[in-house]
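Student: sequence and predicted structure, then a few things I'm wondering about:
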Amino acid sequence: MRCRSFAPRRQDAKKRGSGLRVFASWREISVFLLLTVGLLGTEQWRQAQQGYSWSFPQDHWVHPDYRIEWWYFTGHLRANGQERPRFGYQFTFYRVGLLSQAPPFDSDWSTRSLIMGHAAVTDLESGEHRFSELLYRTVPMLGGFDSTSGPRIAWSRAPTGTDGIWELHWNGEAFDFNARDDRQGLAFDLATTPRKPLIFQGPDGYSQKGRGADSSSFYYSFTRLDTRGTLSWDGQFYAVEGQSWMDHEFSSSVLAENQVGWDWFSLQLEDGREIMLYQLRDRSGAADFGRGTIVSAQGETAFIDLTDWTVQPQRHWDSPASGGRYPVQWTLRIPSHNLRLQVVALLDDQENRSRLLPNLDYWEGPVQVTDAQGSPLGRGFVEMTGYGKNSRPPI
Amino acid sequence: MGKRDGGGRLGAEDGTPVVAFEDVSKIYSSGEGWRTVLKGVWLEVMPGRTVSVVGRSGSGKTTLLNLAAGIDTATRGRVSVDGQDLAGLSDRARTLLRRNTIGMVFQFFHLLSHLSVQENVVLPELIAGGDPQQFKQRAENLLQRVGLDDRSRDNIQKLSGGEMQRVAICRALLRSPRLILADEPTGNLDDDTSQSVMQLMLQLVEEEGSSLIYVTHSRTLADLADESYTIHSGILDAGSPRQDAKGAKL
Amino acid sequence: MIRYLIHTAWAHFRQGPILYLLTVFGVALGVASVMGIQIINRSAVGAFRGSIQAISSNADLSVLGKSGPLPETVLPTVLADPGVESAWPVYRLDAQVSADPPFYLEVYGLDLSAPQLRPWSAESAPGQEDAYDLSDALSKPGWIAVSKRLAERMGWEKGSTFQVSQGTRQAELEVGAMVDFERFSPQSSSKLAVMDIAQAQGLLGRRGRVHQVDVRVFTQGRRGAEGGEPREEAGKEVAQRLEDALGPAVEVLSGKEREDQARDLLGAFRLNLTALSLISLFVGLFLIYSSTQASLVRRRQEFGLLRSLGATRRQLLTVILAEAAWLGVLGVALGLPVGYWVASSNLEVVSSTVTNIYLLSEIESLQFPPWLLALAASIGLGGAVLGAWLPALDMSRQDPKDLLVAYTLHERIAHSALGMAALAVLILAGAGGWYVWLGRGWQPSGFVLGVALLAALPLLSPMLVRLSCGRLPLRGFGWGYSLRALGLDLQKTASAVAALSVAVSMLVGITLMIGSFRKTVEVWMEATIQADIYITTPSWRGRRSEASISPDLVESLRSHPTVKAVDRLRSRQTVSGSNRISIAGVDLHLSGKEERFKLLAGDPKEALQAARQGAALISEPLARRSGLGLGDQLEVTVPTGQVELPIAAVYYDYGSERGAALVDWSTYADLFGPGPPSNLALYLRPGLEAEQVVEQLQEEFAATPLFFRSNRNLRQAALQIFDQTFAVVRLLQGMSLLIAACAITLTLLILARERISELALYRALGAARRQILGIYLGKGLGMAVLGLALGWLGGLALAALLIFVINRAYFGWTVQVYWPWSTLAQETAGILLAAVLAAIYPALRASRTPATELNRDEM
């Protein structure tokens, strides 16, 4: 699961700014205002329910009746024919629904949604992690979600300061996508083909996030995608190839009251299996709810929950920027599947710190899977949210 | 000089003094309290007579003249000009009276520097609203008698002190007033000039048939008058009654 | 010495309170006028600045169209520039609210979904009034956020609805939030309102366009490293790149540059106001001078005594100046609140001028920076001391003996009358020569000539007085006598005559100029305004092209039984070369009335025919400003770049001092794209009364926001605005009367005081009080007449200067000279009357001089 939803945040006591430039505080308010749409408004969104009848490839495109949707790509890339992966990357398009109906105005700005894009690249050689983001209203000249009549699923203008666009296409088998950010000095253009067919993360794609009836989403993944393309870093071009993981999730649900964040793991083992699991944490830091999927080499899915695994952090990293204390090394045990894994972050600081939506900080980065002795068993990505001192609690 | 014949040209009734003071007092109130400038003054000036009053500064001599001219009013007693009580008259009436009946000569001349000699002489007529052209003749006549007719177009500032006073005398006499009041007429002149100016004034006054009251602090000049009084702290004394004075003391 | 001053102050005051009060009043006048005018001047642009601050304070630059709104597609171009951190669009329109009285709402259409657009929300927290539902803002038709102040005034709450119109489009708006813009930007107008850009475009505007793109510049180094260039430098670079990328029809300005532009627009206006304040200052100084002179004269003997007791000249000077300074303090204390009151009571008039003519935001609040207080105070104190300087110096320089004596001595100034007159001639000749050979091309040269003129007048007055009064024959104790005496006290009478002549010349000059101007405009309007009925919409404020009349309404008017023909007009602002001009597209056709249409250059028939083939007609101010004429090319900035049009004629245009151009309707459509008109002119069928048809149309079209005016009505309204704008003349008239009165009263008082023994002499010689009264009235009248005569001469010269030099340099209009005889006669009579009235009091006092004054020292 990739949960990137937006929920009410605790009021911060010191919100008053002084003078005329009160950057931080009004942004908070406005973000709050922006993101409480679902709560305060009288918008009617469809809830994720069981029994959804899927049809592909149409369902790869946008689902405007649901409030939140995203297409998430992460992967490890080897550059220029080298053995070991040089880069880890992330590419995400989000759709945030503001209105459930299109407003009736004779204007290109009369739209229902926002499009948000996140792209990150970790240079494993130099140990640097860079994050790029954009946020636009889906105005025809700034971005949008296309209909199923064409191969493009979504596109948006590149982040401010960069000429160009980000795009996501369906190439017939899987996805092609590209992103660039001149200010960050990163760009990539990747094409994927599926090594394994898509799997549903939950029965019929219905993924539960909490105990309430409306804490759910529709969620499927391509757990192993062959990836190839180009990547540029500080102007230097690399021909890259590697393996990616893709998530597509859409829902209208909200985080439960007591949930402050989650940890999410996607692991691709060398034996051909993939593991996906997420756990939502409560205020004390303990796991409150969790679900997972184990995909066999043949593509069969087995669903697990919190009772089936233990995740034990071994080492932590403190983020100076957000104040979050992130675990960066874990021991993962799934006894029912005979799995005892060491998951190690390839870089400590892989925190994405948003400037467009401040206090949106989350950790997302490539990890390595080894056994207890340290022999490599696979690769993956871990995402952790809600760790920063002021971080907005996600759904 | 000698005796006057009284009345004469001006056709006043015999026996009516030109100006009469009956028990006149003048009291000023100043900042703290009162000041009595004149105390119970009795004085009569008959037509055609010259009277001198001797006194030092502060003795009230100027006030005496002011009362006679109707410039000031008595606090007590009666001041009358030609038999008419001044107290009953309005300021305007007194002004008119002054205009027609009285001529004044001052110690500091009080000629106007922006007017010529002749214009200064004719000034009272201008004020009276008469035709200055007519009185030009009279002015010339008077100036001639004081010997200044050749200076009639000159500006005042070119004249000496004595000459200026002579012009003032002409001015005073222009409208043939019955009474001339002179306040220290020679006070600003040196001795020789004083003497000649005084003589001239007395002569003219006699020729015109007017009365004259003049105030002076010089005994010598006082003796030139028909009658002489002294005034001291507001009290007028008869001094030594003089019937005949021509420099001789009795 | 100071102790002496303090001890005697009250006694002096009681002796002559009026003179002291006059001094205080003079200071207060100067302070109040400077303060009031400066407050207005600063506030005039203040509201504009306030709006910028409220809406765009987070922006470093604004991208604006030179010739109208921009296509939306500039936004992606801006976003692509590497120096841009963020950019957001602004759609701007003025919507007329149907209320009583109707007013305009300054609506800003913003992308409300983007967080950085609400700087004013800084202090708010959810749950307060400014918090609002975003989905409502985006989807509820008519949702608008208004200022708290306005909501209070209109009694609106969340959910209240009201009707607005933009051109003939109408909409119902609903108050979605009440925002305290004022807390964030104190000067912002209360009419500020914000709605989502989709709604602004859709409900009242046009899709695909924006008026402004605000830009925040990126100042950090790459990848978030600290350091990098300072904001302003970065801003300039970005502005340059954007202008290159977006083409010549776009300009990119910082907030400060926009403010400077607005200030420029108001340049002539503010200049007028400042000139006005300087006039008041002059009056104030004169009052101080005269009243100080008068009060010092009264105390001559006191000063003589002080000096003979051993006080030095400097001590005396210090005492007098200290007294003046103290009065100055009192005057400042009085003048500051009065100045504020002047500003606030004239706020509305100035505001309407600013909005109607210069299209800026209304002025609602007054700006009162602390330095202004300091300025006003120093002017007050400085003025008091300056005004008292000469009299003080004069008094302190005299010998004690002279001071002690009651009567005055021979005047020094009589000698220098000739010298001063010669100096005056020199100044005039010099200024004239400079102008002819060197200064002609320099814009402010007219003012230099004006100053020379106003400086020469006072210098000529002693000579004038002396010549007029010297040789009059004496016929009686009356008019001739009093005039002759004037020439004596030259220093005093000449200065009163001088002050009066300056005031009168300004009054006469300006009256003449305005009278000519008005008549010229009247004549021009008669020739130019030829249609029977003129139609517009209330939200069309002169030049905002957004307010338009829908085509169906145009059609229904065209087919109306009373209407013979309809002419359409559309207009907008654009740039031509270095000038900002307005350009209008009109249905130009030969109406048969061309002979009445006066052109500066070109033949009306030929010009109209050429215009229908794409030529342009330009207004006189534009022709002068740009140096273009018949046969030249006019460069016009259009959305796609720049176009050149041949100039077929130059026409008189008194509508504005900015340049204007006129093209045919089709040419306009070629340049700027097709669109609806904003104004219509109706020609009625023969035999119909315009007023009646107006009433009829108003009834028939009552549901639409169309505004009908007959020809006559329009002309009247225009003249009304004209008169309002020149209300300054009434002020000048008042001031001239004031100067006349004060000058004469004070001078006569001084004379009566100084010539006290002379007056006593007259009384002694039998002059009645009435006669002395008459003499002094005569003196007063004499001074007035001389002042008027000199002032008239100066006024004629000044009028010529204003009409032919300054007007040409700054505005470029041709003004025919007309003589507003009745006004001039009234003004002259008024001044004479004031003079007589002013002379009464001193004359009365003079007449009361007792003859005993003659012997005061002898007592």
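Tutor: Done, it's in.
Student: who touches residue 113 in this structure?
Tutor: As the question left the chain open, I've gone with chain A. Counting by CB atoms under 8 Å, 6 or more residues apart in numbering or on different chains, residue A:113 touches A:64, A:95, A:96, A:97, A:98, A:99, A:137, A:138, A:145. C-beta: built from backbone N, CA, C; applies to glycine.
Student: should've been chain C
Tutor: Residue C:113 touches A:34, A:98, A:114, A:137, C:134, C:138, C:196, counting by CB under 8 Å, 6+ apart.
Student: ok, which of these also contact chain B?
Tutor: When CB under 8 Å from any CB of the partner chain is applied, no member of these is adjacent to chain B.
Student: from those residues, which ones fall inside strands?
Tutor: The members of those that map onto strands under DSSP state E are A:114, A:137, C:196.
Student: so the nearest residue to residue C:86 once chain neighbours are set aside, which of the three states?
Tutor: Distance criterion CB to CB, 6 or more residues apart in numbering or on different chains; nearest residue to residue C:86, sequence neighbours excluded, is residue C:216 at 4.7 Å. Judged by DSSP: H, G, I helix; E, B strand; the rest coil, the three-state class of residue C:216 is strand.
Student: out of the contacts of residue A:113, who's near chain C?
Tutor: Filtering the contacts of residue A:113 for neighbours of chain C using CB under 8 Å from any CB leaves A:98, A:99, A:137.
Student: dump those to CSV, plus neighbour count and distance to residue B:23.
Tutor: Shown next, in CSV, are the ones next to chain C among the contacts of residue A:113 (neighbours: other CB atoms under 10 Å in any protein chain shown; distance: CB to CB, whole Å):
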residue, neighbour count, distance to residue B:23
A:98, 24, 115
A:99, 19, 116
A:137, 25, 114
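Student: enumerate every residue touching the closest residue to chain C within the stretch 151-300 of chain A.
Tutor: Residue nearest to chain C within the stretch 151-300 of chain A: residue A:163 (3.8 Å; CB to the nearest CB). Applying CB under 8 Å, 6+ apart to residue A:163 gives the contacts A:182, C:80.
Student: and it, what pLDDT?
Tutor: For residue A:163, the pLDDT comes out at 91.
Student: next, residue B:178: phi, psi?
Tutor: Per-residue torsions, residue B:178: phi -80, psi -30 (degrees, to the nearest 10).
Student: could you measure from it over to chain C?
Tutor: Distance, residue B:178 to chain C, by CB to the nearest CB, to the nearest Å: 13 Å.
Student: then residue A:344?
Tutor: 26 Å.
Student: tell me the bridge partners for that residue.
Tutor: On DSSP bridges, the residues paired with residue A:344 through beta bridges are residue A:329, residue A:368.
Student: so what's it up against?
Tutor: Residue A:344 touches A:328, A:329, A:367, A:368, A:369, A:370, counting by CB under 8 Å, 6+ apart.
Student: burial of the residue nearest to the last one when sequence neighbours are not counted, as a residue count?
Tutor: For residue A:370, ignoring the flanking residues on the chain, the nearest one in space by CB to CB, 6+ apart is residue A:342 at 4.7 Å. Around residue A:342 sit 19 other residues, with neighbours defined as other CB atoms under 10 Å in any protein chain shown.
Student: what sits against residue A:342?
Tutor: Applying CB under 8 Å, 6+ apart, the residues near residue A:342 are A:314, A:329, A:330, A:331, A:332, A:369, A:370, A:371, A:372, A:374.
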